[in-house]
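Chemist: coords below, sequence missing:
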């Protein structure tokens, strides 16, 4: 059921872009450039009070070490990224992931995009990084260009804490290191 929903969603996106004649890579590259090497600077822990509201900052996180307090729910939080030509290598709290990525720009904000990172079909195939195979499952991040040397990469999750489910997110502020 879950795979068929994902396939249906992906098929719908491909169909939409095919009809409009829009290439995901071309459109995203013209709106924002996130290519480069990015390192963790700081982070914010965010929560939603209700599904109709947007995430609100609960507190700041000033070191990678402090991110591990959330590692049970946010294992895929990005602490370092190498992004180039539609392929990214992301170091997360638990492991390093390599996968192709696609950006879907937000029509209301030209500095924000949704990043679809990795897919199950390419896992185990050779990546452009010598001797490294693709291993990124399908992960969705929100990416925001803050300025030419700073981006925000947000991972949203519904986490079980204290007997309740909480819609939360971690937004990592990344500095360019090129």
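Modeler: Thanks, I have the structure now. This structure is a prediction, so every number in the text was calculated from the model and none was measured. Residues are numbered from 1 along each chain as shown.
Chemist: which stretches of this protein have low pLDDT?
Modeler: Low-confidence regions of the chain, defined by pLDDT under 70, span residues 1-32.
Chemist: Closest to the geometric centre of it, which residue is that? Let me know.
Modeler: Closest to where the C-alpha atoms of the chain average out (CA atoms, centre = their mean) is residue 141, at 2.3 Å.
Chemist: wait, that one sits on residue 114?
Modeler: Yes - assessed by CB atoms under 8 Å, residue 141 is found in contact with residue 114 at 7.5 Å. All C-beta atoms are positioned from the backbone trio N, CA, C, and that covers glycine.
Chemist: Verify the stated contact: residue 36 with residue 176.
Modeler: Yes - with contact defined as CB under 8 Å, residue 36 reaches residue 176; the gap is 5.1 Å.
Chemist: on that earlier part again, can you list the buried residues in the one helix or strand the residue nearest to the centre of the chain maps to?
Modeler: Applying DSSP states H and E as the criterion places residue 141 in strand 139-147. By neighbour count with 16 or more other CB atoms under 10 Å, strand 139-147 contains the buried residues 139, 141-145.
Chemist: Which residues does stretch 148-164 contact?
Modeler: Residues outside stretch 148-164 that contact it (CB atoms under 8 Å, 6 or more residues apart in numbering): 34, 38, 41, 46, 55, 72-74, 76-78, 81, 115, 139-146, 165-176.
Chemist: Narrow the residues you listed to just the buried residues.
Modeler: 34, 38, 46, 55, 73-74, 76-78, 81, 115, 139, 141-145, 167-174.
Chemist: can you map out the strands along this structure?
Modeler: Under the criterion DSSP state E, the chain contains strands at 36-47, 56-61, 78-84, 87-92, 96-106, 109-117, 139-147, 150-161, 164-176.
Chemist: Give the buried residues for the second one.
Modeler: Meaning strand 56-61. In strand 56-61, counting by 16+ other CB under 10 Å, buried: residue 61.
Chemist: by contact count, what packs against it?
Modeler: Applying 3 or more CB pairs under 8 Å, 6 or more residues apart in numbering; DSSP states H and E, we find strand 56-61 packed against strand 36-47.
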